[in-house]
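[1] Take this sequence and fold it.
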Amino acid sequence: MAATPEKPTTAAPKRKVSRHRGEGQWAVGHFTPLNGNEQFKKDDDGLNVRTRIETIYSKRGFDSIDPNDLRGRMRWWGLYTQRRQGIDGGKTAILEPEELDDEYFMLRVRIDGGRLTTEQLRVIGEISQEFARGTADLTDRQNVQYHWIRIEDVPAIWERLEAVGLSTTEACGDTPRVILGSPVAGVAENEIIDGSPAIDEIQRRFIGSPEFSNLPRKFKTAISGSPQLDVAHEINDVAFVGVNHPEHGPGFDLWVGGGLSTNPKLGVRLGAWVPLDEVPEVWTGVIGIFRDYGYRRLRNRARLKFLVADWGPEKFRQVLEDEYLKRGLVDGPAPEQPADTWRDHLGVHKQKDGRFYVGFAPRVGRVDGATLTKIADVAAAHGSGRLRTTAEQKMIVLDVEEAQVESLVAGLEALDLRVNPSPFRRGTMACTGIEFCKLAIVETKARGAALIDELERRIPQFDQPITININGCPNACARIQVADIGLKGQLVLDGDGNQVEGFQVHLGGALGLEAGFGRKVRGLKVTSAELPDYVERVLKRFEEERADDERFATWVGRASEEALS
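    Numbering: from 1, shown residues only. Predicted structure coming up:
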């Protein structure tokens, strides 16, 4: 029998062999910097730049600043260069950093737990008027941000802030950023546990310490014992959420790995219950894992959420217990769903001591130094020495006697600060936008304020909870993916084919109640000019089609694309 001829073979393509450098994780021996950011952090700790600011840059001016300090280490002290005026959004991704930089700075005042005295708020307002052309925005991380800051004035600003117990230490940079805390910690009648002592201890021991001043990227913390889940715990790197353990009593449920930006992920529970006095130790373990195991090779994969996604919660907890705590954690329950959709504490509420707290809303966090000093004056005149900022760009006055409430409310309303705002003012949030941010593509603050006014005029009867979050770029500082209506700034074509400012629309996101990311309707983009018409249209359809007690996000999940367009 004849032999069967062999089938011809095709040679496999040769693979390029390259040496794998890993993800830059220190814990597995990868200490060699793999990008410019890691190199400048290795060359000199970001905390050390303060001395150069005080002794060199503030005396010699903007042009004397080393580039690695200017666009790197100065963030460790809350300083970012702001966007040069007159550069349109189409050039954001085209120009080099030095072309976008103005010779002025954004300066972020760190307010851990959102806790302020009237004296501190008055100083913040005075600094704004003296050094920042009146700017002072409330952020969704309980901070205050100035603009138009000159490097020559920074030492004087630090001196004024630190004299009243405030700072800008690690307000930015690859560091442990401001710690979110319940704005009604210690006073709310329904509070499960007051997390303030843990915030104080973490701040005292670790903020400004070289132990955690070189992280792969920023690290965001939230600690709240409020049943209203009022610190957006689902989108922080680590969060401690108040719960009642059936055997051990009040404590905290531990969450890790949340974050938004261009690759959003919700945090996950580790299933562990943490008593109040152990929160700083557990926090140290979580941030230690991030420092040691975090991915340092690529900046866009350097957040803790990517490590948690790769490891899973079981492995993360195991490493935390075995390598960092050297002990096991107690299993515990999940937090209960909040009874109230709103988590911002606006309005008048009774405190556990019989006095009252009063929450109020500016437009999209936009205030100014003169207004802040007036708020301090109004609060002090009504017997209150304490205020709080919230994670929703709002403020609260604490410790108001019942006889003073009506007068306080009138004083705030006279400043256009609404105690009982419309759903639109209450639920609209905006990032800094193209006015000052070098990453932004479109305007946000003025657009958000105008949208509030238009919706109040057009649909004054609308009374459902609604969140409208406006972001100037894809980085989600204003949490677009978890809003009822999330608006991501981009350039779009108008009806005449012209490129104009506009937004990609995300619909039906949520935190707290069935947390999840918004739905992107295919091709749904609106120009800035069309925005009021679009939002009015979709909210009217929601009113027409909603079932009893149906939330906007739930309706979006079942609505047709036609109804959402």
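
[2] mind listing what F552 touches?
    By Cβ atoms under 8 Å, 6 or more residues apart in numbering, the contact list for F552 reads Q464, P465, I466, D484, I485, G508, F542, R546. Heads up, the C-betas are built off the backbone N, CA and C, glycines and all.

[3] Just give the nearest non-adjacent residue to it, would you?
    D484 (4.5 Å; Cβ to Cβ, 6 or more residues apart in numbering).

[4] does that neighbour really touch A553, like I thought?
    Yes. Using Cβ atoms under 8 Å, D484 is in contact with A553, at 5.8 Å.

[5] Now do the shared contacts for these two.
    G508, G509, A510.

[6] pull the helix or strand with minimum mean pLDDT from this structure.
    strand 519-527 (a mean of 87; mean pLDDT, DSSP states H and E).

[7] who does it touch, helix- and strand-wise?
    strand 485-493, strand 499-507, helix 561-564 (3 or more Cβ pairs under 8 Å, 6 or more residues apart in numbering; DSSP states H and E).

[8] Following element in sequence after that strand, please.
    helix 531-545 (DSSP states H and E).

[9] Now find how far off-centre whichever helix or strand comes after that next one is within its chain.
    Next helix or strand after helix 531-545 toward the C-terminus (DSSP H and E): helix 552-558. In terms of Cα atoms, centre = their mean, to the nearest Å, the centre of helix 552-558 is found 25 Å from the chain centre.

[10] Going by neighbour count, list what's buried in helix 552-558.
    The neighbour-count check on helix 552-558 (16 or more other Cβ atoms under 10 Å) flags F552, A553, T554, W555, V556 as buried.

[11] can you give me the helices for the stretch 251-400 of the chain?
    For the stretch 251-400 of the chain, the helices defined by DSSP state H, counting those that start in this stretch cover 279-293, 304-311, 313-319, 369-381.

[12] Kindly provide the whole-number mean pLDDT of the last one.
    Averaged across helix 369-381, pLDDT comes to 98.

[13] can I get the buried residues of helix 552-558 in TSV with distance to V405 and pLDDT?
    Output for the buried residues of helix 552-558, formatted as TSV (distance: Cβ to Cβ, whole Å; pLDDT from 0 to 100):
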residue	distance to V405	pLDDT
F552	31	96
A553	33	94
T554	35	94
W555	36	96
V556	37	95
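
[14] wouldn't L34 be in contact with Y295 here?
    No. Between L34 and Y295 there is no contact under Cβ under 8 Å: 9.8 Å.

[15] Need the overlap of contacts for these two.
    Contact criterion Cβ under 8 Å, 6+ apart; residues shared by L34 and Y295: G24.

[16] Could you check which of those two is surrounded by more residues?
    For L34 versus Y295, the count of surrounding residues by other Cβ atoms under 10 Å is larger for Y295: 23 against 16.

[17] so that one touches W26, yeah?
    No. Contact between Y295 and W26 fails when scored by Cβ under 8 Å: they sit 10.8 Å apart.

[18] list the contacts for V308?
    V308 makes contacts with V256, G257, K265, G267, V268, F316, as judged by Cβ under 8 Å, 6+ apart.

[19] How many residues are close by the third one?
    Translated: K265. Count around K265 with other Cβ under 10 Å applied: 19.

[20] which residues does it bridge with?
    Counting by DSSP bridges, K265 is bridged to G259.

[21] What sits closest to D292 if chain neighbours are left out?
    A27 (4.0 Å).

[22] so that neighbour sits in a strand?
    No. With DSSP: H, G, I helix; E, B strand; the rest coil as the criterion, A27 is assigned helix and is not in a strand.

[23] Mind checking the helices of the stretch 251-400 of the chain for the one nearest to D153?
    D153 lies closest, by Cβ to Cβ, to one member of those: helix 369-381, at 13.9 Å.
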